[in-house]
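J.: here are the coordinates; sequence isn't available:
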């Protein structure tokens, strides 16, 4: 599975959009981009995933560049409860399903 | 109802003891996982079972033995606990290990070795 690079930490003002970047320059054609987050003292929580097209759900939007070498997770109106570590993971379809977590981005949403 | 539940939530014990952590999922998923999150907060896969069969074993010491009595349960037994086993252990499940299937995690078991 391809490796990912994320900034160690970011701040965002409450109510503003949080844009979290992820580089995955060695991604293969069949690998998906997944985003999870971990709020303090809780288990990781799935947010969104995509292959090529941009995706949106009730939690966030995922923008994947045309060359697929990077992506951005967008939380449109960040709240204090969105403070968490956000993990960008690239994973190929397989029968094992294991997730390889990096260090993630610690997002601090400030009032 | 909690989708993936782990017991106990906290476990404090002495070095050398044997302990078990239990995990149950009520999502009807076929695949279950154990992850370990160490003090530096890195999350790492340990084991995965699909329909009660072991499919991932990530170079974990053989003091760790997972057991899956049925596809809704995946327990983790640890023999001869060592200081380095102190960590948070997360159980997760997914419909099966294939594509487009996010994993659902429990809230973790915090294991502290004295």
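T.: Thanks, I have it. All of these numbers come straight from a predicted model, not from anything done at the bench. Numbering: from 1, shown residues only, chains lettered A, B, ... in the order given.
J.: with adjacent residues omitted, what lies nearest to residue A:6?
T.: Nearest non-adjacent residue to residue A:6, counting by Cβ to Cβ, 6 or more residues apart in numbering or on different chains: residue A:105, 4.6 Å away. For the C-beta atoms, the positions are set from N, CA and C on the backbone; glycine is no exception.
J.: how about the one you found, what does it touch?
T.: Going by Cβ atoms under 8 Å, 6 or more residues apart in numbering or on different chains, residue A:105 touches A:6, A:7, A:8, A:9, A:10, A:20, A:85, A:86, A:88.
J.: make it 7 Å
T.: Contact partners of residue A:105, counting by Cβ atoms under 7 Å, 6 or more residues apart in numbering or on different chains, are A:6, A:7, A:8, A:9, A:10, A:20, A:85, A:86.
J.: now the buried members of those residues.
T.: Neighbour counting over the contacts of residue A:105 (16 or more other Cβ atoms under 10 Å in any protein chain shown) leaves A:6, A:10, A:20, A:85, A:86 as the buried ones.
J.: closest one of those to residue B:54?
T.: Minimum distance to residue B:54 across these is 29.2 Å, recorded for residue A:85 (Cβ to Cβ).
J.: for the closest one, grab phi and psi.
T.: phi -100, psi 130 (degrees, to the nearest 10).
J.: look at the nearest residue in space to it that is not next to it in sequence and report its pLDDT.
T.: Counting by Cβ to Cβ, 6+ apart, residue A:104 is the residue found nearest to residue A:85 once chain neighbours are left out, at 4.3 Å. Confidence at residue A:104, expressed as pLDDT, is 95.
J.: need the residues that contact stretch B:70-82.
T.: B:13, B:15-26, B:30, B:32, B:34, B:49, B:51-52, B:63-68, B:85, B:89, B:91, B:113.
J.: and these, which are buried?
T.: Buried among the contacts of stretch B:70-82 by 16+ other Cβ under 10 Å: B:13, B:19, B:21-25, B:30, B:32, B:34, B:49, B:64, B:66, B:68, B:85, B:89, B:91, B:113.
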